[in-house]
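Colleague: fold the following for me, if possible:
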Amino acid sequence: MKLTKHKLGELVEVSRGASLSGQFYAEEGELIRLTLGNFNMNGGGFKENTSKTDLYFTGTVRDEFILNKGDIITPLTEQSVGLLGTTARIPESGKYIQSQDVALVRCKEGLLDPNFCYYLISSSIVRQQLSAAAQQTKIRHTSPDKIKDCTVWVPCLEDQKSIGRILTDIDEKIIVNRRINDNLCASRAQSQRSLSYAEAQP
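Modeller: Next up, the predicted model:
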């Protein structure tokens, strides 16, 4: 398989999200603002943020910051070591607002497959470059330009599609298996509670 060297900026567009005023944060509403808590550091992917209650935003938002299902996002701020380079896909259209700590990554048509891109951004080679270039403050930051400046090696588009499809299928099977395991654990716990209750009866 032949690999070609590129700067990420040759293959993708990267944009910063909106600056959202805290006066419009709310505990209920229609639109949810994305935060760093939406990135799953254990294996990557999107997760609902359960650490905050004021995640809704009731102010005016430009359409470009309301994301669509399948959009690829990555953090611009590292509150936990290893967060830079994590990727997630938006699970639902018209629900999530891209905030300023979150970058949107869009592939240039015909150059980079979106599934392949999702795994490329979160690969060790990109993570290492982002970590090395991050601003060395207590909470480290990167930027769209630093992401685009990362050097990568990619195969032809057809090979990208094959690799991206395989990796996506594996991830989907892992998600299904986790759900099955979670359901089994919940069922086992319920059975144990029922047994304990039955044994306690006179």
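Colleague: all helices of the chain, in order?
Modeller: Ranges of helices in the chain, per DSSP state H, are 114-121, 124-133, 144-148, 157-200.
Colleague: just the angle between the first one and helix 124-133, please?
Modeller: Counting by axes from the mean of the first three to the mean of the last three Cα atoms, to 10 degrees, helix 114-121 lies at 50 degrees to helix 124-133.
Colleague: which neighbouring elements make contact with helix 114-121?
Modeller: Packing partners of helix 114-121 (3 or more Cβ pairs under 8 Å, 6 or more residues apart in numbering; DSSP states H and E): strand 72-75, strand 102-107, strand 151-154, helix 157-200. Yep, even glycine has a C-beta here, placed from its N, CA and C like the rest.
Colleague: how about 10 Å then?
Modeller: Packing partners of helix 114-121 (3 or more Cβ pairs under 10 Å, 6 or more residues apart in numbering; DSSP states H and E): strand 12-16, strand 72-75, strand 88-89, strand 102-107, helix 124-133, strand 151-154, helix 157-200.
Colleague: now mean pLDDT too, for the ones you listed, in TSV please.
Modeller: Putting the helices and strands packed on helix 114-121 into TSV (pLDDT from 0 to 100) gives the following:
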stretch	mean pLDDT
strand 12-16	97
strand 72-75	97
strand 88-89	96
strand 102-107	97
helix 124-133	92
strand 151-154	97
helix 157-200	73
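Colleague: tell me the most buried of these?
Modeller: Ranked by mean neighbour count, the helices and strands packed on helix 114-121 are led by strand 72-75 with a mean of 24 (mean count of other Cβ atoms under 10 Å).
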